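K.L.:
Provided below are the primary sequence and the corresponding predicted coordinates.
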Amino acid sequence: MKPARLIITLALILGLSVPAMAAAPQWRIDPPHCQIIFTIKHIFAPVMGQFHKFDGKIFFSPDDLAGSKVDLSIQVDSIDTGIAARDKHLKTADFFDVARYRVIRFVSDSFARRGANQYAVKGKLTVKNVTRPVEIVFTHLGTKPNPMNKDQMLAGFQGGFSIERLDYHVGGGKFYEQGLVGNKVNMYIHLELVRSK
């Protein structure tokens, strides 16, 4: 066999012997089945709230973490703690200053496996005029055909992380120093994503 033909033959054999990587598909957020929740301490008791409006681009595959990525935007004006007066105050310049900063954004840098169905995504979180690195640890709850729509696939995720609100200029130190509002904020993310088969 001629050398050129031998090289081509070996390349074909090697190419066929390497399993194809599953490219990370794009998923869509299914709003009725997703939540972004937070808790923060008020004097002694934790107060819970959530953001009702968020969207973004999500690419994820356990077999292609290098190709997985997230760009998530949260509409700050959708904040809801169950108390209208408190929500109104949170939107003012005392805290989120929604008139100037309408969106909280997370953009991923990298994904890593942490265990069976356990992952971590590192990226940049922007709140108001501050961007800082964060790591979100999450569980891939599974992927399966949508029982309500045979043409769709579903994937479930839950995860969380913590930040210090003063690092992001969400409120000054006054309420913290008075012992009224804590600094640490715990974030919980529940996602059910869909895509076409």
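P.N.:
Here it is on my side, so go on.
K.L.:
now the helices: where do they sit in this protein?
P.N.:
3-17, 84-90, 174-177 (DSSP state H).
K.L.:
tell me, which of the ones you listed is the model least confident about?
P.N.:
Sorting these by mean pLDDT places helix 3-17 lowest, at a mean of 45.
K.L.:
Distance-wise, check residue 53 relative to residue 106.
P.N.:
15 Å (Cβ to Cβ, to the nearest Å). C-betas here are computed from N, CA, C, even on glycine.
K.L.:
Same question for residue 85.
P.N.:
Taking Cβ to Cβ, one finds residue 85 at 29 Å from residue 106.
K.L.:
more neighbours, the two?
P.N.:
residue 106 (22 against 8; other Cβ atoms under 10 Å).
K.L.:
Check what pLDDT residue 135 gets.
P.N.:
Model confidence at residue 135 (pLDDT) stands at 98.
K.L.:
in stretch 174-192, what counts as buried?
P.N.:
The neighbour-count criterion (16 or more other Cβ atoms under 10 Å) identifies 181-183, 185-187, 189-192 as the buried residues of stretch 174-192.
K.L.:
Of these, which belong to strands?
P.N.:
181-183, 185-187, 189-192 (DSSP state E).
K.L.:
Report the contact partners of residue 67.
P.N.:
23-24, 59, 61 (Cβ atoms under 8 Å, 6 or more residues apart in numbering).
K.L.:
Look up how far residue 60 lies from it.
P.N.:
9 Å.
K.L.:
quick one: stretch 177-196 to chain centroid distance?
P.N.:
11 Å (Cα atoms, centre = their mean, to the nearest Å).
K.L.:
And stretch 112-131, by the same measure?
P.N.:
7 Å.
K.L.:
in that stretch, what's buried?
P.N.:
Neighbour-count burial for stretch 112-131 [16+ other Cβ under 10 Å]: 119, 121, 123, 125-128.
K.L.:
Out of these, flag the one nearest to residue 155.
P.N.:
Distances from residue 155 to the buried residues of stretch 112-131, taken as Cβ to Cβ, are shortest for residue 119 (12.2 Å).
K.L.:
Does the closest one touch residue 110 like I think?
P.N.:
No. Using Cβ atoms under 8 Å, residue 119 makes no contact with residue 110, being 10.7 Å away.
K.L.:
Find residues that contact each of those two.
P.N.:
Common neighbours of residue 119 and residue 110 (Cβ under 8 Å, 6+ apart) are residue 65.
K.L.:
Please name the residues that touch residue 129.
P.N.:
101, 169.
K.L.:
Over to residue 146?
P.N.:
Residue 146 touches 152-154, 194, counting by Cβ under 8 Å, 6+ apart.
K.L.:
show me where this protein has strands.
P.N.:
26-29, 35-42, 45-51, 54-59, 69-75, 79-80, 103-115, 118-127, 130-146, 149-164, 181-196.
K.L.:
what about the nearest residue to residue 99 once chain neighbours are set aside, neighbour count?
P.N.:
Take residue 99 and drop its neighbours on the chain: the residue closest to it by Cβ to Cβ, 6 or more residues apart in numbering is residue 93, 7.6 Å away. If you count neighbours by other Cβ under 10 Å, residue 93 ends up with 12.
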